[in-house]
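1. When you get a sec, could you give me coordinates for this:
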Amino acid sequence: MKQTVIVEFSVDEVCQLVGLQRTYLVEIVAHGIVEPHGAQPEVWRFDQGALHLLRRAARLHRELALDWPGVAVALDLMGELEQLRHENRQLRQRLGRFQDD
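-> I've put the predicted structure just below:
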């Protein structure tokens, strides 16, 4: 039987791992960039996917001097771009099968 291990991080752990101030983390959640598990900041937990997204958000904020709403828009657009690239690769593979014949 295969077991799945789910790793979750507390607010303090996330702040330390990502290099964010607690107030920034609260703002990020308020803008819907990530959704923690738990109702209040005292009990919030973040999974590895959220940690990855928070690192990207912090990098955009720091390197491009974007405000948090701008970061949210940029992350949405980056996600759409990644999805379109994935779909494009799949379509090229399908097309390649027809062209090889």
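2. can we go C-alpha only for contacts and neighbour counts from here?
-> OK.
3. Poorly predicted segments of the chain, please.
-> 100-101 (pLDDT under 70).
4. in the longest helix along it, what counts as buried?
-> Counting by DSSP state H, the longest helix found in the chain is helix 68-99. For helix 68-99, the neighbour count (16 or more other C-alpha atoms under 10 Å) marks 68-72, 75 as buried.
5. Specify which member of these is nearest to Leu60.
-> Val71 (6.3 Å; C-alpha to C-alpha).
6. Kindly provide the distance from that closest one to Leu77.
-> Note on Val71: its distance to Leu77, by C-alpha to C-alpha, to the nearest Å, is 10 Å.
7. before we move on, the earlier item: adding distance to Arg92 as columns, could you present the buried residues of helix 68-99 in CSV?
-> Below are the buried residues of helix 68-99 laid out as CSV (distance: C-alpha to C-alpha, whole Å):
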residue, distance to Arg92
Trp68, 36
Pro69, 35
Gly70, 33
Val71, 31
Ala72, 30
Leu75, 26
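8. which of those lies closest to Thr4?
-> Nearest to Thr4 among the buried residues of helix 68-99, with distances taken as C-alpha to C-alpha, is Leu75, at 27.9 Å.
9. List the contacts of the closest one.
-> 33, 57 (C-alpha atoms under 8 Å, 6 or more residues apart in numbering).
10. hmm, try it at 7 Å
-> By C-alpha atoms under 7 Å, 6 or more residues apart in numbering, the contact set of Leu75 is empty.
11. same question, Arg97
-> No contacts exist for Arg97 under C-alpha under 7 Å, 6+ apart.
12. any idea how far the residue nearest to Ile33 when sequence neighbours are not counted is from Ala57?
-> Nearest non-adjacent residue to Ile33, counting by C-alpha to C-alpha, 6 or more residues apart in numbering: Ala72, 5.6 Å away. According to C-alpha to C-alpha, Ala72 and Ala57 sit 8 Å apart.
13. Work out which residue lies at the spatial centre of the protein.
-> Central residue of the chain (C-alpha atoms, centre = their mean): Leu53, 2.3 Å from the mean position.
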